[in-house]
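Peer 1: generate a structure from the sequence data that follows.
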Amino acid sequence: MQAQTQDALSMLLRDRGVRPTRQRLELLRELESEPNDVTAQELWRRLRARTHSNVGLATVYRTLAVLRERGVVDALAHHGTELCYRLCSSAHHHHLVCRDCHRVVELDQCQLEGWIDELAAEHGFTALEHTLEVEGVCEQCRAQPPPMS
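Peer 2: Numbers count the residues shown, from 1 in each chain. From the prediction side, this is the model:
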């Protein structure tokens, strides 16, 4: 995702019905600098270290929950029991996620709608939306020797 100005980030929040507070903008700015994804704990540590922010960990979790609910950030579930967060494009997309290094690739072409609609109809459902997260190992991680025990 391209770096956005403070005004653009504020507008993004306003467009999604979220008030652009200082802490929310700090968090978005830090997320914007992450090429892949990051846990809430790591995001909080980075904010404290880089910007000397006084934002609390509970605020980070609450803010990420609001941003996820409003479609500002995506949450990926590939990191054990903890979610990882990513500032993504607003267009419909899916993710390829490396289990080892957490590299994330956004897939902006979706050819699943027809298949999902058929599958849902077979079971008496109407599909409203879908997300796909494919977990695997990227080429760089596959090329590395396994860690010694």
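
Peer 1: check contacts around the residue most central in space within the chain.
Peer 2: Of all residues in the chain, the one closest to the mean position by Cα atoms, centre = their mean is residue 86, 2.4 Å from it. Taking Cβ atoms under 8 Å, 6 or more residues apart in numbering, we find residue 86 in contact with 31, 34, 36, 37, 38, 73, 74, 76, 95, 104. Just so you know, the C-beta spots here come from the backbone N, C-alpha and C atoms, and that holds for glycine as well.

Peer 1: next, count neighbours for the last one.
Peer 2: As a burial measure, the neighbour count of residue 104 was computed by other Cβ atoms under 10 Å and equals 21.

Peer 1: next: the first one.
Peer 2: Here the neighbour count serves as a burial measure; for residue 31 (other Cβ under 10 Å) it reads 23.

Peer 1: where does it sit: helix, strand or coil?
Peer 2: Assigned with DSSP: H, G, I helix; E, B strand; the rest coil, residue 31 falls in the helix class.

Peer 1: what's near enough to touch it?
Peer 2: 38, 43, 73, 85, 86, 87.

Peer 1: partner residues bridging the third one?
Peer 2: Note on residue 73: beta-bridge partners residue 87, judged by DSSP bridges.

Peer 1: how about the first one?
Peer 2: Assessed by DSSP bridges, residue 38 has beta-bridge partners residue 85.

Peer 1: thinking it is in contact with residue 45, fair?
Peer 2: No. If you go by Cβ atoms under 8 Å, residue 38 and residue 45 don't touch, sitting 9.6 Å apart.

Peer 1: higher neighbour count, these two?
Peer 2: Just comparing residue 38 and residue 45: by other Cβ under 10 Å the higher neighbour count belongs to residue 38, 22 against 14.

Peer 1: list the contacts of the more buried one.
Peer 2: Residue 38 is in contact with 31, 46, 84, 85, 86, counting by Cβ under 8 Å, 6+ apart.
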